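1. prediction below, plus the sequence it came from.
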Amino acid sequence: MFFLLLSIGFLVTSCTKQNGAPETTLNEMLPTDNNAGSNAKYSGGFNNGPFGTVTGNARVYLKDGKYILALEGVAISNGPDLHVYLSKELQPLNFIDLGKLKSTNGTQLYDIPGNPDFAAYTYALVHCQQYNHLFGSAALK
């Protein structure tokens, strides 16, 4: 019984700050159109997941025929192996891994490969890949 409780405790707390993402604030430049305005195609605000906190916004931009996901003004609780996903569902089964989280703070850009169907890929996620823990999600509309 003790071993079972210890195992459950380890799984619940496993996505903590050990070997996490850098905490330096990033301020990558957002894509803009020729009129210096926003050309965001989809956007949504982040909601916390069961294993972390994420505040800020996610926006998908189209720049020179390529899609870019911007995490804007984010503050993310740290954890190991955090990745940014474009996903069809909140608990990712069908997703595009955009790479490791660059930083827990600021504005950061991720290239989206190909031309995904945004009617299907409706979520931006911050997800602990190692332990399959959702830190936060944004519904893209």
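-> That came through, no problem. Residues are numbered from 1 along each chain as shown.
2. residue 114 - that's part of a strand, no?
-> No: secondary structure of residue 114, determined by DSSP: H, G, I helix; E, B strand; the rest coil: coil, with no strand assignment.
3. quick check, pLDDT for it.
-> For residue 114, the pLDDT comes out at 94.
4. phi first, then psi, for it.
-> phi 70, psi -150 (degrees, to the nearest 10).
5. output stretch 81-97 as PDB - backbone C-alpha positions only.
-> Output of stretch 81-97 as PDB, limited to C-alpha atoms (Å, rounded to 0.1, in the frame of the first residue of the first chain):
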ATOM      1  CA  ASP A  81      10.400  18.100 -21.300                       C
ATOM      2  CA  LEU A  82       7.800  20.800 -22.100                       C
ATOM      3  CA  HIS A  83       6.800  21.000 -25.700                       C
ATOM      4  CA  VAL A  84       4.500  23.100 -27.800                       C
ATOM      5  CA  TYR A  85       1.800  21.200 -29.700                       C
ATOM      6  CA  LEU A  86      -0.800  22.100 -32.300                       C
ATOM      7  CA  SER A  87      -3.500  19.500 -31.400                       C
ATOM      8  CA  LYS A  88      -6.900  18.100 -32.400                       C
ATOM      9  CA  GLU A  89      -7.800  17.500 -28.800                       C
ATOM     10  CA  LEU A  90      -7.000  18.800 -25.300                       C
ATOM     11  CA  GLN A  91      -5.300  15.500 -24.300                       C
ATOM     12  CA  PRO A  92      -3.000  15.200 -27.300                       C
ATOM     13  CA  LEU A  93      -3.500  12.000 -29.400                       C
ATOM     14  CA  ASN A  94      -3.400  13.700 -32.800                       C
ATOM     15  CA  PHE A  95      -0.900  16.600 -32.700                       C
ATOM     16  CA  ILE A  96       2.000  18.300 -34.400                       C
ATOM     17  CA  ASP A  97       5.000  18.800 -32.100                       C
END
